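Chemist: Kindly generate the corresponding structure for this input.
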Amino acid sequence: MEHKLDTGVQGSPGAALGALLVIAGILFLALQLAPVDFGQLAWPLFVVFGGIALLLIGALTRSAVGLVIPGSIVTMVGLILTVQNTFSLWASWSYAWTLVFPTSVGIGIALMGLARRDRPQVAQGMWMAAIGLSLFAVFALFFEGLLRVSGLALGPAAPIVFPLLIVGLGFALLFASVFQRRTR
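Modeler: Purely as a prediction, here's the structure:
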């Protein structure tokens, strides 16, 4: 049984790149003319814009569809850097890496599956992203709730919530694996 459908989408990587360069040039010009210094606070947004450019090129051109995976990785790194730079949460790398791998890689795989109309690939990517988000939640509660690596106070309930979250995550994984076996 074939799971792939031809979308018929064709585009020129040169045209997509040209359009992105025009948009980037206009954005850079606007930043130069703005009365605010964006260098100190908003530098990670340039990483985000680079990731979005890769995503767009990959989404708009069939021959470059593989760029959605690095595009999702670069975009995620830029978003993490934006949050860390804005709130001085650099110690959060101790658990934020889970948003880069496997979360953003899973998102990229799902987006590539969408572009190719490949449902199993979309499901695989979403599963990877869900695992990454679960790891992020568990590690964030551990590193911030128990170890307080960033100095954030999660409140008096944090020591109780962390073990309960682990138990809940364990049950969710057990139910998901039982359900997946039954659907096969």
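Chemist: so where's the chain uncertain?
Modeler: Within the chain, the stretches with pLDDT under 70 are 1-11, 36, 38, 154, 158, 179-180, 182-184.
Chemist: ok, longest helix in it?
Modeler: helix 158-183 (DSSP state H).
Chemist: now for that one, which elements pack on it?
Modeler: Judged by 3 or more CB pairs under 8 Å, 6 or more residues apart in numbering; DSSP states H and E, helix 158-183 is in contact with helix 119-140. C-beta here means a position set from N, CA and C on the backbone, and glycine is covered the same way.
Chemist: Buried ones in the longest helix of the chain, by neighbour count?
Modeler: Phe162, Leu165 (16 or more other CB atoms under 10 Å).
Chemist: can you give me the angle that helix makes with helix 119-140?
Modeler: Angle of helix 158-183 versus helix 119-140, following axes from the mean of the first three to the mean of the last three CA atoms, to 10 degrees, is 160 degrees.
Chemist: chain center to helix 158-183, what's the gap?
Modeler: From the chain centre to the centre of helix 158-183 is a distance of 23 Å (CA atoms, centre = their mean, to the nearest Å).
Chemist: For the remainder of this discussion, apply numbering that starts at 397.
Modeler: From this message on, residue numbering opens at 397, which makes the last subject helix 554-579.
Chemist: Angles on the backbone of the residue nearest the centre of the chain, please.
Modeler: For the chain, Ser500 is the residue whose C-alpha lies nearest the centre (CA atoms, centre = their mean; 3.6 Å). Phi and psi for Ser500, reported as degrees, to the nearest 10, are phi -70, psi -30.
Chemist: isn't it right up against Ile469?
Modeler: Yes: using CB atoms under 8 Å, Ser500 is in contact with Ile469, at 4.9 Å.
Chemist: Stretch 494-512: which residues count as buried?
Modeler: By 16+ other CB under 10 Å, the buried positions in stretch 494-512 come out as 494-496, 498-512.
Chemist: Just those residues: which are in helices?
Modeler: Checked against DSSP H, the buried residues of stretch 494-512 include these in helices: 494, 501-512.
Chemist: Format these as TSV; extra columns: distance to Pro555.
Modeler: Below are these laid out as TSV (distance: CB to CB, whole Å):
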residue	distance to Pro555
Thr494	22
Val501	32
Gly502	31
Ile503	32
Gly504	36
Ile505	36
Ala506	35
Leu507	38
Met508	41
Gly509	40
Leu510	41
Ala511	45
Arg512	46
